[in-house]
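Participant: attaching a predicted model along with its sequence, questions to come.
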Amino acid sequence: MSIYLASLVLATAISGTLANPRLGDQGKVLKSLLVEGFEWFGELGIFSARVFRATLSPPYEIRELVRQCDAIGAKSLPLVALAGAAIGVVLSLQTHDALIRFGAKSLLPPVIVFTIIKESGPVITGMVVAGRVGAGIGAELGSMKVTEQIDAMEASAVDPYKFLVATRVLACILMLPLLTLAADFSGLMLGWLANTLADPISFRLFFENGFKNLRFSDFIPPTLKTAVFGLIIGVIASFQGMRTKGGTEGVGRSATSAVVLASLFVILADVLLVRLILMLWS
Amino acid sequence: MNKQPDAPSIAIENLHKKFGDQTVLNGISLKVEHGETVAVLGRSGTGKSVLLKLIIGLQPSDSGSVTIEGQQVTGLDVKQLNEVRKKIGFLFQQAALYDSLTVEENVAFPLSRHTTMSDADRSKRVRELLGSVGMDQDLKKMPSELSGGMQKRVGLARALALDPNIVLFDEPTAGLDPITAAEIGQLILELKKKRQMTAVVVTHDIRGAKVFSDRMVLIHEGNILAEGPLAELEKSQQPVVVQFLKDSS
């Protein structure tokens, strides 16, 4: 069922066919969706290969990379920390009630720590960045495309794939794990605070209990998997931005599809990566 | 690939370009000599801007060849193409200034990418370039704070930053009032005299083109219908040329 839903979201985001009232015939719509879907994946592959080559070949755009790390990392920090904190509070309140009913109140600190570090922190960071940064990249590159700024850059003998895309993709890859740490930290702190307001527990006891059975293999892979989320967000948002057509309406479409597709692929990647992590580290 | 010393500045041979089913350029051939300014005229949608983009390699041609100073550019990889592009300046129709950068940073952009100038030298060069287009008082302004004519001037300064041998102008006077359009036309003429550059100017403004161009080329249905100085075009008996000149005057 979830595969069908994911396919539907994907098809809607990459294709204008469903919105085209002239195509009434279901067979034609399906065929068109399939063709556009294959075209989209093919173009994404070519785009990714070009970005990969541009990233590896000198000269390296260090100054622009630092600027993008600031725009993507530092400027997303408050929102990511806030989202992490909200998750911590909600998790604490919900699990506190549930664990009391099952007589397992002492398990509350490890439940909060494990949930936030292994899944909630990374996923909430991925989703928040997919929304904020995905829309930003899609709209910014889309706007540059329709106003010929990208053509102007190429005409100035500067490779936009290296200067604009590779720097944004790299910044996403580098910043996502750091932002995840921030989300984890704020989630745990606010989780403890919410818990101690309902049922006082010392800071030290909460974290000693919570981290007692935590291993590095519980912490490192889930945090580093967000680098893959960063790759997905950076590549897809840049791809949607760079293929913008049709003026301001096209820019809006690119920004929306960048968010939808980046979020969708982050969720799908999470499913695969969790399975992979469990296979490798269990 | 080999550079020929006596080759024309730009040589276009049998160039074809289609977008879907629509043929935009249908085997166009054109030679532009060193220091010559050619105005490319034609109705909207006849492929004039596409021609400029094919010259600088922003779009691939379907067939035919473009040679810049003896070096064929069709089929080059990005790195080789960028070496050719450094010899060419391009003024876009809407100026295409980077809207996140100031006027100064826009003009400095190609210099910081392709030269080893110190910050002080680069800043001096940017002021010179902006001074030559009358924009040296607006260094710190953002593109959104400039009028259309001012944006074109800054775009021109940026196009000239690397001291190119060839400059391509895409509708340099489009959307400007007659006085500003005349000023831009005068600026092109001054630059031509001062720098001896080769220029291809896509325009609808025949009056302006008469001032700065050595030769005019009229494109119709993807090919060159007539070419020569304006006086020669005015003698043409071809109905399309007569109609175009009549409607443009």
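Facilitator: Now that the structure is in, tell me what you want to look at. For clarity, every value in this text was computed on a predicted model and none was experimentally measured.
Participant: can you pull out the low-pLDDT segments for chain A?
Facilitator: Scanning chain A for pLDDT under 70 picks out A:1-24.
Participant: can you rerun that using 80?
Facilitator: Scanning chain A for pLDDT under 80 picks out A:1-29, A:281-282.
Participant: tell me the contacts of the most centrally placed residue in chain A?
Facilitator: Among the residues of chain A, the one closest to the centroid is A:G126, at 3.1 Å (CA atoms, centre = their mean). Applying CB atoms under 8 Å, 6 or more residues apart in numbering or on different chains to A:G126 gives the contacts A:176, A:226, A:229, A:233, A:266, A:270. To be clear about C-beta, it is placed using only N, CA and C from the backbone, and glycine gets the same treatment.
Participant: for the helix or strand hosting B:V241, packing partners?
Facilitator: With elements taken from DSSP states H and E, the one containing B:V241 is helix B:239-248. The contact analysis (3 or more CB pairs under 8 Å, 6 or more residues apart in numbering or on different chains; DSSP states H and E) places helix B:239-248 against strand B:37-42, strand B:215-220, strand B:223-228, helix B:230-235.
Participant: what's the most buried one of these?
Facilitator: strand B:37-42 (a mean of 24; mean count of other CB atoms under 10 Å in any protein chain shown).
Participant: what packs against that strand?
Facilitator: Using 3+ CB pairs under 8 Å, 6+ apart, strand B:37-42 sits against helix B:48-55, strand B:198-202, helix B:206-212, strand B:215-220, helix B:239-248.
Participant: each with direction, which strands does that strand pair with?
Facilitator: Note on strand B:37-42: by DSSP bridges, its sheet partners are strand B:198-202 (parallel), strand B:215-220 (parallel).
Participant: what are the bridge partners for the residue most central in space within chain B, then?
Facilitator: Centroid-nearest residue in chain B: B:L168, 1.5 Å away (criterion: CA atoms, centre = their mean). Per DSSP bridges, the residues bridged to B:L168 are B:F90, B:V200.
Participant: correct me, but it touches B:A199?
Facilitator: Yes - with contact defined as CB atoms under 8 Å, B:L168 reaches B:A199; the gap is 7.4 Å.
Participant: which neighbours do those two share?
Facilitator: In contact with both B:L168 and B:A199: no residue, using CB under 8 Å, 6+ apart.
Participant: chain A: helices as residue ranges?
Facilitator: A:2-14, A:26-56, A:62-72, A:77-101, A:108-115, A:121-146, A:149-155, A:160, A:167-198, A:203-211, A:216-242, A:247-281 (DSSP state H).
Participant: a markdown table for the ones you listed, including distance to B:L91?
Facilitator: Output for the helices of chain A, formatted as a markdown table (distance: least, CB to CB, whole Å):
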| stretch | distance to B:L91 |
| --- | --- |
| helix A:2-14 | 35 |
| helix A:26-56 | 26 |
| helix A:62-72 | 25 |
| helix A:77-101 | 40 |
| helix A:108-115 | 58 |
| helix A:121-146 | 17 |
| helix A:149-155 | 9 |
| helix A:160 | 19 |
| helix A:167-198 | 27 |
| helix A:203-211 | 62 |
| helix A:216-242 | 23 |
| helix A:247-281 | 21 |
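Participant: can you check which of these gets nearest to B:Q71?
Facilitator: Taking CB to CB, helix A:149-155 is the member of the helices of chain A nearest to B:Q71, at 16.9 Å.
Participant: quick one: check the closest one for contact with chain B.
Facilitator: Yes - Helix A:149-155 is in contact with chain B by CB under 8 Å from any CB of the partner chain, via A:149, A:151-155.
Participant: in chain B, where's the longest helix?
Facilitator: Ranking each helix of chain B by length (DSSP H) puts helix B:178-195 first.
Participant: need the residues that contact it.
Facilitator: B:35, B:37, B:132-133, B:147-149, B:152-153, B:156, B:160, B:163, B:167, B:169, B:172-173, B:176, B:197, B:199, B:201, B:205, B:208-209, B:211-212.
Participant: buried ones among these?
Facilitator: Among the contacts of helix B:178-195, those classed as buried by 16 or more other CB atoms under 10 Å in any protein chain shown are B:37, B:132-133, B:149, B:152-153, B:156, B:160, B:167, B:169, B:172-173, B:176, B:197, B:199, B:201, B:205, B:208-209, B:212.
Participant: rewinding a little: dump the helices and strands packed on strand B:37-42 to a markdown table, plus mean pLDDT.
Facilitator: Converted to a markdown table, the helices and strands packed on strand B:37-42 look like this (pLDDT from 0 to 100):
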| stretch | mean pLDDT |
| --- | --- |
| helix B:48-55 | 92 |
| strand B:198-202 | 93 |
| helix B:206-212 | 84 |
| strand B:215-220 | 91 |
| helix B:239-248 | 81 |
